[in-house]
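> Fold the following, please.
(one chain, ligands or ions: 4)
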Amino acid sequence: MFADLHLHTCFSDGTYTPEELAGHARRCQLKAVALTDHDTVDGCARMTAACQTAGLEFIPGAEITSEFHGHELHVLGYYLDPQNHALQEQLVRFQAVRRQRIHDMVERLNRLNVPLAVESVFTLANCQSPGRPHVARALVQGGWCSSLDEAFERFLKKGKPAWAPKFKIPTTEAIELLHHAGGVAALAHPGLNHCDEAIAVLADAGLDGLECFHTKHSTAMTQRYLEVAERHGLLVTGGSDCHGMSKGQPLIGSLKVPYECVERLRDAMQRRAVDNSFLLAREPASSPPEPS
Ligand code: AMP
Ligand code: FE
Ligand code: FE
Ligand code: ZN
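Ligands and ions are numbered 1, 2, ... in the order given. The predicted structure follows:
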C-alpha cells in the first residue's frame, strides 16, 4: 500500500488534468494521493471527484512559496480546507503577483529581442497560478528555444537575464496559514533547499513534517532526513513531485511512499482540528461592550 503526496496538475505548472493524474495514480496502484499545486487549491475540487471515480483516497493540499533567511522554501500543506477564507485571500495575492511576474519576464525577453507575446503565455498556462515553466513552454512552442532546459539555462534561472523575483511569505507565516486552514505543514524537498539549519528552527515554530522521500533525494539523503525527522519529532512525508509530461517521463509511480505516512498525517490533522476548535472556543463571540 503506497501513496504519493507531492503532485502537480495543469492548475499550476503540471501538464496533467486532475482526471489524467487520477488515472495514472490508479494505474500505478497507489492507494492515496495528495494534490500540491504551487500557491493554489483550484484543482482540489476536480481532483476530489476524479479520485472518487478512480477509487483513490484524496488529500487536498498545496505547495506554498516561502522565504527563510533569503532561502526559497516550499511548504506543503495537507488536509487543507480549500474554502478557508484567510487561505483563499493569501492565494489570490500570490496569484496576482505570479501574473504580474509573467508580464515582467516577457518584458525582459522582449528587451532581449525575443518577441514573445504575453498573451501566448497566459493562453498556454490557462490557470490562475502561472510560473516560469509556462514561459519556458511558450519559448519552445515559438521556436526560440529547443527545450525547457535551454529556456531555463539561457533566460529563466535565477541570475539569467529574463528572471524576475517571486512573491514569497515568511516560512513561519506559511505554516500558520496552513494550520489556520485546518492543514498539516511539511517542508518540501529539504535536499534541494541547501538550508538544513531551517529544519530545527521551523520544527520549534510548529512545522509538522519533513518530505524525506522525494525523487531528487539520493538514498543517503533520504536516510539522513529520516533521522533528522525523528530527531525533531517531525512526521515523514514524501512524493514524486510529478509535473506530468513537462519533464519527459512522468514521475508518478517512480517513488513509493509507505501508506503509513498518510495515517500519521491524518492523525496529526485530527489533532490539529481539536486544537483549532479549542482556539475558536476561546475567542470571544463578539467584542465586549463599550464602557459607559
Ligand atoms: P516558478 O514557480 O515560476 O519559480 O517556477 C518554478 C518551477 O519551475 C519548479 O516548480 C519546476 O516545476 C520548474 N523548473 C525549475 N527549473 C527547471 C528546469 N531547469 N527545467 C524545467 N522546469 C524547471
Ligand atoms: Fe513546479
Ligand atoms: Fe517545490
Ligand atoms: Zn512541487
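> If we ignore the residues flanking it in sequence, what's nearest the residue in the stretch 1-150 of the chain that ligand 1 sits nearest to?
Across the stretch 1-150 of the chain, no residue is closer to ligand 1 than Gly131, which sits at 2.8 Å (CB to the nearest ligand atom). No exception for glycine: its C-beta is placed from N, CA and C like everyone else's. Distances taken as CB to CB, 6 or more residues apart in numbering place Asp13 nearest to Gly131, at 4.9 Å, with adjacent residues excluded.
> Tell me who's in contact with that neighbour.
Residues counted as contacts of Asp13 (CB atoms under 8 Å, 6 or more residues apart in numbering) are His38, Ser129, Pro130, Gly131, Arg132, Pro133, His134, His243, Ser246.
> need the contact list for the residue of the stretch 1-150 of the chain found nearest ligand 3.
Per CB to the ion, His74 is where the stretch 1-150 of the chain lies closest to ligand 3, at 3.7 Å. With contact set as CB under 8 Å, 6+ apart, His74 has these partners: His38, Glu63, Ile64, Thr65, Ser66, Leu187, Ala188, His189.
> Can you tell me the SS state at it?
Secondary structure state of His74, per DSSP: H, G, I helix; E, B strand; the rest coil, is strand.
> Show me what from the stretch 51-200 of the chain comes close to ligand 3.
Selection of the stretch 51-200 of the chain residues close to ligand 3 by CB under 5 Å from the ion yields His74, Ala188.
> Just the helices from the stretch 51-200 of the chain, written as ranges.
Taking DSSP state H, counting those that start in this stretch as the test, the helices found in the stretch 51-200 of the chain are 85-111, 118-125, 132-141, 148-151, 171-180, 197-204.
> so for the top strand by length along the chain, what's the average pLDDT?
Among the elements of the chain assigned as strand by DSSP state E, the one spanning the most residues is strand 57-68. Strand 57-68 shows a mean pLDDT of 98.
> Spell out whether that strand and ligand 1 are in contact.
No: against ligand 1, strand 57-68 shows no contacts by CB under 6 Å from any ligand atom, the least distance being 6.7 Å.
> now that strand: how far from the chain's centre is it?
In terms of CA atoms, centre = their mean, to the nearest Å, the centre of strand 57-68 is found 4 Å from the chain centre.
> Now do the SS call for the residue nearest to Gly131.
Asp13 ends up coil, using three-state DSSP.
> Extract the C-alpha set from stretch 40-53 and format it as CSV.
Extracted C-alpha coordinates of stretch 40-53, given in CSV (Å, rounded to 0.1, in the frame of the first residue of the first chain):
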residue,chain,number,x,y,z
THR,A,40,-3.3,27.3,-5.4
VAL,A,41,-6.0,24.9,-4.3
ASP,A,42,-8.0,25.5,-7.5
GLY,A,43,-7.5,21.9,-8.7
CYS,A,44,-8.8,20.3,-5.5
ALA,A,45,-12.5,20.2,-6.4
ARG,A,46,-11.9,18.3,-9.6
MET,A,47,-9.3,16.1,-8.1
THR,A,48,-11.7,15.1,-5.3
ALA,A,49,-14.3,13.9,-7.9
ALA,A,50,-11.6,12.3,-10.1
CYS,A,51,-10.2,10.3,-7.2
GLN,A,52,-13.6,9.2,-6.1
THR,A,53,-14.2,7.9,-9.6
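> chain center to that stretch, what's the gap?
With CA atoms, centre = their mean as the basis, stretch 40-53 stands 15 Å off its chain's centre.
> Alright, I will stop here.
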